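*Asks:* give the three-dimensional model of this entry:
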Amino acid sequence: MFGLIREAAPRGSVSFLRVGEVIENPCVQGGEGTQTNPAATDLLTRLEGLEHLTLSGQQPTRIGGYAGRQVDVTVADSVLAACGGLAGGDAALFVAGDEVWGASPGERFRLISVDVGDQALTIVLSTDWTETPSVQELESLLQRGQRVLDSVGF
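*Replies:* Numbering: from 1, shown residues only. A predicted model of the protein is given here:
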């Protein structure tokens with residue numbers, strides 16, 4: 001996992017992940033025995049099957065000369081309702097290395113999945129959800145993040 005964090009407005013990040021596991025139950029932190037190291041198309045198929053995520057605007061894209069798919073993901077507001085425990089946490093989505101990547105209830109982020117060689121690379125552009133961002137902040141961050149992605153080479 002590698003992340004670039006922008007601390008000035010619009011605050012957010014661009015994360016590069018080698019997803020080892022898609023976490024189906026957002027209340028746990030992985031290790032469910034699900035598919036490991038999914039290919040780029042498998043990753044999107046697995047995400048489409050999760051009831052707590054809505055995928056929209058799927059389209060082809062290119063990153064560093066490699067073909068991939070881009071999609072906007074929205075996490076359900078009620079994603080953690082059945083989890084119990086403390087409110088305000090993140091819903092676990094992926095295991096990448098020893099880290100769990102999660103998203104806040106109601107969060108919207110852009111996900112790009114591309115096969116680079118024989119491994120899938122997942123790129124996530126996300127705003128800082130400690131405060132709910134406006135649509136304009138999210139769009140501004142996505143534009144800035146795209147400039148970073150346009151410069152990526154493998």
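*Asks:* so residue 43 is in which element?
*Replies:* Applying DSSP states H and E as the criterion places residue 43 in helix 40-48.
*Asks:* same deal with residue 124?
*Replies:* strand 119-127.
*Asks:* give me the helices and strands touching that strand, please.
*Replies:* Other elements packing on strand 119-127 under the criterion 3 or more CB pairs under 8 Å, 6 or more residues apart in numbering; DSSP states H and E are strand 12-17, helix 40-48, strand 108-116, helix 135-150. All C-beta spots, glycine's among them, are computed from the backbone N, C-alpha and C.
*Asks:* and it, how far out from the chain's middle?
*Replies:* Centroid separation for strand 119-127 versus its chain: 6 Å, with CA atoms, centre = their mean, to the nearest Å.
*Asks:* kindly report the same for stretch 98-115.
*Replies:* How far stretch 98-115 lies from its chain's middle: 2 Å, per CA atoms, centre = their mean.
*Asks:* rounded mean pLDDT for that stretch, please.
*Replies:* On average, the pLDDT along stretch 98-115 is 90.
*Asks:* distance-wise, check residue 22 relative to residue 120.
*Replies:* 11 Å (CB to CB, to the nearest Å).
*Asks:* find residues that contact each of those two.
*Replies:* Both residue 22 and residue 120 are in contact with 38, 43, where contact means CB atoms under 8 Å, 6 or more residues apart in numbering.
*Asks:* just give me the neighbour total for the nearest residue to residue 77 once chain neighbours are set aside.
*Replies:* In space, and not counting its chain neighbours, residue 77 is closest to residue 106: 4.7 Å by CB to CB, 6 or more residues apart in numbering. The tally of other residues near residue 106 (other CB atoms under 10 Å) stands at 13.
*Asks:* surely residue 106 is within a helix?
*Replies:* No - Residue 106 sits outside any helix when classified using DSSP: H, G, I helix; E, B strand; the rest coil, being coil.
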